[in-house]
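J.: no sequence on this one, just coordinates:
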């Protein structure tokens, strides 16, 4: 039997963490023959509910779960971890400015970055889900100087999957028929959905949908989808966010399918003119825990303009947290 | 590609239904190469939140999901369905007597039984999760005279898995080391956990734990586990309940492993002296959508006494709903 992977989930008693933990436990991320040890973290004030999550985890008798650790101590939670899924973050509360939210979360993620640097496996992979996810990933990486910054990634897959789902519906296709979707930039309403290279059943997507539908309906709908889900469901996206974490980490671990790519928030190496060092969503291919930004794609004038807007937002976020970098 | 299976989930915007729908969509029940069409049902007053669930389902871009139908109309929800997972039920509210709860749910499940009888696939399999699950399954079956009653089953797997998890923890084993667990009777606090035939790594479980721990700690702890989870988590079991539905239906569909069995609420054929026609949890083996009650197991005097107590509770529940049978 394979050696268990240690998987840390922060905010594991929250809605996304709760949905995610059970999908990891069921084998949906690392496969049906890969045991896991779950290291579930919460804030001290939320350890009670986390105890309930631990009880439910035990109650599932998952064959792949070799142990469950419940802790509010980063030393314990990140100890020897192979995958750190940083879901927990402070949500924006009434009257809070966006810059306050960024600053408060920056402190959390700098602390977590230092703990990962000190305690995690030297092979650790990190995915940040808690918002602002891109900037939080940049901060965590900056505070983990002993680890390559390529190990720190941010959620873009939820937007990527939303774009695929929307295009599949519009064209009467199945999600599996849609390939080479791109969502560029920040995991925020400035993100940019790009169909330039996208195909549906092998046909160029831009030949299947009206240009104005793409620009005026699809792009803004994907940007504002999170708010629309809250409006309808009376609660924020949880199962779909968890599903996109499953997809992001599974593809990073097992690889992307031949001929396709996925959108991931990764450190810019200057590709596509995006400022080096920002964590920005690019199209990437993955293989066995590594990724490569897809090089040399044509970008339209419309795309370039929008990619600059979301880059600017990330530069502004970085300015707010400069003292932690 | 295989023909999609139609899977109905009632109460799909509730906590268990929400957790369950995404695991079905991910392929955890019917396997990674079996497409599904999800027919998600809610009450008219909950169609708004169900719309949000439908949005999130679209946002996941699940390759196996070929369509999602959202409806409050049983004609639509049960149309040609292959698997009907009846999760939704009226919860007990303050001041409500248990017999009132049973009566109110009996009306819901008699209506659903009639709709399944009229609209579902002739090969439909039904699993009842909404409480009182056993009696609700009996009522649904009684109102579906054109379908064999063997197609109507009730949740016992949550209790079965809880017992496995607890025994694994107690003996320092992994859940996968525990075989031949039995939970007899009603999915209620009268259920009876039986270790007589249970093994851990091939060793008889009763030789590994003290008899008084089994009788005085394990049996009542499994019975009251649901309340303990609510107490700790501040919410009732959702992910673990959904996981046990996944296990129940997957094993019914794909079969139980050689040499092991599972606990399922099924119509008694008089086995083990349990009154014929009650829906009672027995140890069963499954193969390709059929099940067989494991015959001829020895039952201890303690077990017989407890099995009668839970049978009596089911007889009392049946008396409350006699007019709907």
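T.: Cool, got the structure. Computed from a predicted structure; not experimentally measured.
J.: other residues contacting stretch A:208-215?
T.: Contact with stretch A:208-215 is made by A:167, A:170, A:171, A:195, A:200, A:206, A:218, A:302, as judged by Cβ atoms under 8 Å, 6 or more residues apart in numbering or on different chains. For every residue, glycine as well, the C-beta is placed using N, CA and C.
J.: next step: these restricted to helices.
T.: Counting by DSSP state H, these place A:167, A:170, A:171, A:302 in helices.
J.: look at the third one and say how many residues are nearby.
T.: Meaning residue A:171. Neighbour count of residue A:171, defined by other Cβ atoms under 10 Å in any protein chain shown: 16.
J.: would you pull up how far stretch A:30-39 lies from the middle of the chain?
T.: Offset of stretch A:30-39 from its chain centre (Cα atoms, centre = their mean, to the nearest Å): 19 Å.
J.: what's near enough to touch residue A:298?
T.: A:196, A:197.
J.: what's the nearest residue to residue A:75 if we skip its chain neighbours?
T.: residue A:119 (5.8 Å; Cβ to Cβ, 6 or more residues apart in numbering or on different chains).
J.: from what I see, the one you found and residue A:71 are in contact.
T.: No - contact criterion Cβ atoms under 8 Å: residue A:119 and residue A:71 do not qualify, at 11.7 Å.
J.: ok so residue A:94 is a helix residue?
T.: No - counting by DSSP: H, G, I helix; E, B strand; the rest coil, residue A:94 is not found in a helix; it is coil.
J.: domain ranges for chain A?
T.: As given by automatic domain parsing, the domain ranges for chain A are A:5-154, A:157-320.
J.: for whichever strand in chain A runs longest, packing partners?
T.: Of all the segments of type strand in chain A, defined by DSSP state E, the longest one is strand A:279-287. Here strand A:279-287 touches helix A:133-142, strand A:152-154, strand A:182-184, strand A:262-267, strand A:290-293, helix A:301-320, going by 3 or more Cβ pairs under 8 Å, 6 or more residues apart in numbering or on different chains; DSSP states H and E.
J.: 10 Å instead, please
T.: Identification of packing neighbours for strand A:279-287 by 3 or more Cβ pairs under 10 Å, 6 or more residues apart in numbering or on different chains; DSSP states H and E yields helix A:133-142, strand A:152-154, helix A:157-171, strand A:182-184, helix A:239-254, strand A:262-267, strand A:290-293, helix A:301-320.
J.: how far does the last one sit from the chain's center?
T.: What separates the centre of helix A:301-320 from the centre of its chain is 19 Å, taken as Cα atoms, centre = their mean.
J.: the fifth one now?
T.: Mean-position distance between helix A:239-254 and its chain equals 8 Å (Cα atoms, centre = their mean).
J.: that helix near chain B at all?
T.: Yes - using Cβ under 10 Å from any Cβ of the partner chain, helix A:239-254 reaches chain B at A:239, A:240, A:241, A:242, A:243, A:244, A:246, A:247.
J.: quick one: the longest strand of chain A to helix A:157-171, angle?
T.: With axes from the mean of the first three to the mean of the last three Cα atoms, to 10 degrees defining the directions, strand A:279-287 sits at 80 degrees from helix A:157-171.
J.: quick one: mean pLDDT for strand A:279-287?
T.: Mean pLDDT, strand A:279-287: 98.
J.: what residues sit buried inside that strand?
T.: Applying a neighbour-count criterion of 16 or more other Cβ atoms under 10 Å in any protein chain shown, one finds A:279, A:280, A:281, A:282, A:283, A:284, A:285, A:286 buried in strand A:279-287.
J.: find the nearest non-adjacent residue to the third one, please.
T.: Nearest in space to residue A:281, with sequence neighbours left out and distances taken as Cβ to Cβ, 6+ apart, is residue A:156 at 3.5 Å.
J.: now do the fourth one
T.: The shortest distance from residue A:282 to any residue that is not its chain neighbour, by Cβ to Cβ, 6+ apart, is 4.6 Å, and that residue is residue A:293.
J.: how about the contacts made by the one you found?
T.: Listed by Cβ atoms under 10 Å, 6 or more residues apart in numbering or on different chains, the contact partners of residue A:293 are A:261, A:264, A:266-272, A:274, A:280, A:282-285.
J.: out of those residues, who's nearest residue A:112?
T.: Closest to residue A:112 out of those is residue A:267 (17.0 Å), distances taken as Cβ to Cβ.
J.: residue B:139 versus the closest one, what's the distance?
T.: 59 Å (Cβ to Cβ, to the nearest Å).
J.: now do residue A:134
T.: With Cβ to Cβ as the criterion, residue A:134 and residue B:139 are 53 Å apart.
J.: again, but for residue A:23
T.: Residue A:23 is 33 Å from residue B:139, by Cβ to Cβ.
J.: neighbour-wise, which of the two wins?
T.: Counting neighbours by other Cβ under 10 Å for residue A:23 and for residue B:139 shows that residue B:139 has the greater number, 29 against 23.
J.: name the element the closest residue to the more buried one other than its chain neighbours belongs to?
T.: Excluding its sequence neighbours, the residue lying closest to residue B:139 (Cβ to Cβ, 6+ apart) is residue B:109, at 4.6 Å. Assigned by DSSP states H and E, residue B:109 belongs to helix B:98-119.
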